[in-house]
Every structure is written in structure tokens, then in C-alpha cells.
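Undergrad: build me a model:
(one chain, ligands or ions: 2)
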Amino acid sequence: MRKLLIATKNEGKAKEMKQLIGSYFDDVVTLNDFDGSVNIIEDGRTFEENALKKARVIYTLYRQPTLADDSGLEVDALDGKPGVMSARYAGENATDEDRIKKLLDELKDVPDDKRGAQFVCVLVFIDKQGRIYQTKGICRGKIAFEPRGENGFGYDPVFVPDGFDRTFAELDSQIKNQISHRAKAFENLKKILGEIYNEDTCD
Ligand SMILES: O=c1[nH]c(=O)c2ncn([C@@H]3O[C@H](COP(=O)(O)OP(=O)(O)OP(=O)(O)O)[C@@H](O)[C@H]3O)c2[nH]1
Ligand SMILES: [Mg+2]
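TA: Numbering: from 1, shown residues only. Ligands and ions are numbered 1, 2, ... in the order given. Below you'll find the predicted structure:
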């Protein structure tokens, strides 16, 4: 029985991660399932530092294979902000709506051709023996002028991925799971998992 702990409390992210992880684990649980009380301070300057910290804290507590995702939105016209601050962009207790409103306010005078942005996702996986693996995915797109769509989470209603004219929240979740920053990071992670679990099938 192979168990994976996912070090996230974000339900939107957790749902996508469970869909993307594939069949390498028999049981996949997130912090909301097994330890909602743990509070990890994300004080890194990069997605890499924060993802590593989340994975390390949970691996150290439970000594089980652990996966963490640190992700966010980098907007060209804001010099890469909100970046690692994406979840806290409008304050600690703000909602997705508050964050979107703040973003659209800041971009209100920015024309269509200057609204480029990218979602970034860094995954850190720690295997049963404590070996650390990291992958990254980027999805380019642009920021819409108003929110559209009901799917997904976070900034999805205002992010239009390159090659599409609909937002992530208007696209089917299956399409998001093929082209997103998270999907790309998982493509690389699955290659690593394939190697780990082929050479070491015990757990
Ligand atoms: O529209 C979106 N579609 C996405 O696919 C996506 N991926 C990340 N984000 C945003 O970036 C923050 C990450 O911050 P984050 O990595 O610290 O996660 P979090 O604090 O929400 O949960 P946890 O995993 O740390 O427990 C999230 O809250 C979201 O606002 C996304 N928004
Ligand atoms: Mg967080």
C-alpha cells in the first residue's frame, strides 16, 4: 500500500493534484484530510524555497512520501507580482474575489497587448527514504479585463492561456489539466516517479 501525503490546504489545488498524480499511489491525502492544524510559514523568496519548506515540514512529521506545490501568478506589467505572494496579495483573510479585484484595479490602465502573465508551479517530492526531487511548470497567457467562468480556483477567471480566448475558469478542467503550469510540472514529476518506483517497487 503506497501512500502519498500532499502538503496543501488549498482545496482547488488539491483536487487538481489528485487528478494529475496518476496511479503511482494507492492512497492520496491532503493536509485537510490528515492534519489541518499544521501551519507552515511561507517565508521563502522563491516558489522553490516555499515548496521545499512545505514538503520538508510534512515529511519530517510523518516520514511518508510527501508532495508540495508552491505556485502563483507573475504579471509582466507588475514586474512579476504577485508571484510568491499570490495567495496573500490582498491580505491574509482575503477571498479569491478580493485578489482578482485588486489585480484588475492595478491593471485597469494596461492595454490588451501589455497584459501578459504566467502561472508558475514548483513541485517538491520527497520519497520514503528522504530523497528530494523538484520540478517546475510555466503556463503563459494574459490577464482578462473582467472575470469570466466558474471552473477552477484562484485567479482562473481572469487568466487566458496562450492559444485560447477563454479563461481557465471557462475551459473544461480536462483542458486546464493538459496545459496548465501544474500539468507541466506533473509531466516531469511522473517521469521521476516512473524511475523511482520501477527501480524500487517495495514502497
Ligand atoms: O487561478 C489560479 N489557478 C491556478 O492553477 C493556481 N495555482 C496557484 N494559484 C494562485 O497562487 C496561490 C498559490 O499560493 P500557495 O502555493 O502558497 O498555495 P496556497 O497558500 O493557496 O495553499 P498551500 O498549498 O500553500 O496550502 C493560490 O492561492 C492561487 O491564488 C492559482 N490560481
Ligand atoms: Mg500557501
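Undergrad: please make it C-alpha for all contacts and neighbour counts, starting now.
TA: Will do.
Undergrad: what are the ranges of the helices in this structure?
TA: When secondary structure is read from DSSP state H, the chain shows helices at 11-20, 31-34, 47-62, 96-106, 173-179, 181-199.
Undergrad: so which of those helices comes closest to Val75?
TA: Closest to Val75 of those is helix 96-106 (Cα to Cα; 9.3 Å).
Undergrad: what is the rounded mean pLDDT of that closest one?
TA: Mean pLDDT, helix 96-106: 98.
Undergrad: could you give me the buried positions within that helix?
TA: By neighbour count on 16 or more other Cα atoms under 10 Å, the buried set for helix 96-106 is 96, 99-101, 103-104.
Undergrad: over to stretch 162-182?
TA: Residues 162, 166-171, 176-177, 179-182 are the ones in stretch 162-182 that count as buried (16+ other Cα under 10 Å).
Undergrad: re the thing from before, right, and the helices of the chain - which one's nearest Gly149?
TA: Here helix 173-179 is closest among those (Cα to Cα), at 11.6 Å.
Undergrad: show me where pLDDT drops low in the chain?
TA: The chain contains residues with pLDDT under 70 at 199-203.
Undergrad: what parts of it come near ligand 1?
TA: 8-10, 69-72, 86-87, 153-156 (Cα under 6 Å from any ligand atom).
Undergrad: mark which of these are buried, thanks.
TA: 8-9, 69-72, 86-87, 154-156.
Undergrad: list the contacts for the residue nearest to the spatial centre of the chain?
TA: Geometric centre of the chain, nearest residue: Ser71, 4.2 Å, by Cα atoms, centre = their mean. Applying Cα atoms under 8 Å, 6 or more residues apart in numbering to Ser71 gives the contacts 47, 83-84, 86, 119-122.
Undergrad: and the contacts of stretch 73-89?
TA: Outside of stretch 73-89, the residues within contact range by Cα under 8 Å, 6+ apart are 45-47, 70-72, 94, 99, 107, 110, 114-120, 155.
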